[in-house]
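Trainee: Need coordinates for the below:
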Amino acid sequence: MSSKSKSAKSKSKRAASPSSGGSPSRSSGYLLTCDPPMKQFIINLNDQKIADKKFIIEDLDATHLLIKGEVRNEIRRKVEEWMDENVFSTIERVGENLDTS
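Mentor: Sure thing, here's the model as predicted:
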């Protein structure tokens, strides 16, 4: 059996089995898809929160997280701030030659 099929079976078992034993949980969540560096940034945001304020429900794979719905806008805002601080245009990097004609 390949590792992919083992992984898929374990994920389907987790998804099918409710955590409380009764009916499935009714909490809302969002599937977040991003690249690995962005995912690490979001995990870091989550790790900075106190236990009852953590927002990651499940770390699914290298590019997917299941997060609580109520923090969606906060995460979007923090990611936008982080991107603004860390993304530079060509002109900002050149500095001396600002002639764009």
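Trainee: Identify the bridge partners of Thr33.
Mentor: Beta-bridge partners for Thr33, by DSSP bridges, are His64.
Trainee: That one is in contact with His64, isn't it?
Mentor: Yes. Thr33 is in contact with His64 according to C-beta atoms under 8 Å; the separation is 5.6 Å. No exception for glycine: its C-beta is placed from N, CA and C like everyone else's.
Trainee: show me where pLDDT drops low in this protein?
Mentor: 1-27, 88-101 (pLDDT under 70).
Trainee: What are the boundaries of the helices in it?
Mentor: 3-16, 36-47, 72-86, 90-94 (DSSP state H).
Trainee: Show residues contacting the longest one.
Mentor: Helix 72-86 is touched from outside by Tyr30, Leu32, Met38, Phe41, Ile42, Leu45, Phe55, Ile67, with contacts defined as C-beta atoms under 8 Å, 6 or more residues apart in numbering.
Trainee: what do you get if the cut-off is 10 Å, keeping everything else the same?
Mentor: 28-30, 32, 34, 37-38, 41-42, 44-46, 55-56, 65, 67-68, 71 (C-beta atoms under 10 Å, 6 or more residues apart in numbering).
Trainee: mind listing what's buried in it?
Mentor: Residues of helix 72-86 classed as buried: Ile75, Val79 (neighbour count, 16 or more other C-beta atoms under 10 Å).
Trainee: Alright, I will stop here.
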